[in-house]
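Colleague: sequence? don't have it. structure:
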């Protein structure tokens, strides 16, 4: 009989789930700000702002999928940190 890993406390699970939205928003804001300041520096508004905004969206969703995959592997009982 295989032992089940100890279940995480409910507050820890809620904390991990709440960080997903924060990561998404922060990645988008960071991308937009980087693009905005590069546009001001190079005088190329709005091209770099749009490019870095889109890159921020991609990075945000990549982070969401990474956290979801980690949670899924943790639910299966495997060590999710080895695959990241």
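Modeller: Sure thing, it's come through. Just so we're clear, the structure is a prediction, and the values are computed from it rather than from any experiment.

Colleague: where does the chain have low pLDDT?
Modeller: Applying pLDDT under 70 to the chain flags the ranges 1-8, 78-84.

Colleague: now with 90?
Modeller: 1-19, 67-68, 70-84 (pLDDT under 90).

Colleague: what's the single longest helix in it?
Modeller: The longest helix of the chain (DSSP state H) is helix 10-42.

Colleague: Which other helices and strands does whichever helix or strand comes after it contact?
Modeller: Next in sequence after helix 10-42, counting helices and strands by DSSP states H and E, comes helix 47-76. Under the contact criterion of 3 or more C-beta pairs under 8 Å, 6 or more residues apart in numbering; DSSP states H and E, helix 47-76 touches helix 10-42. No exception for glycine: its C-beta is placed from N, CA and C like everyone else's.

Colleague: Okay, buried residues for the helix it packs on please.
Modeller: 20, 23-24, 27-28, 31-32, 34-36, 38-39 (16 or more other C-beta atoms under 10 Å).
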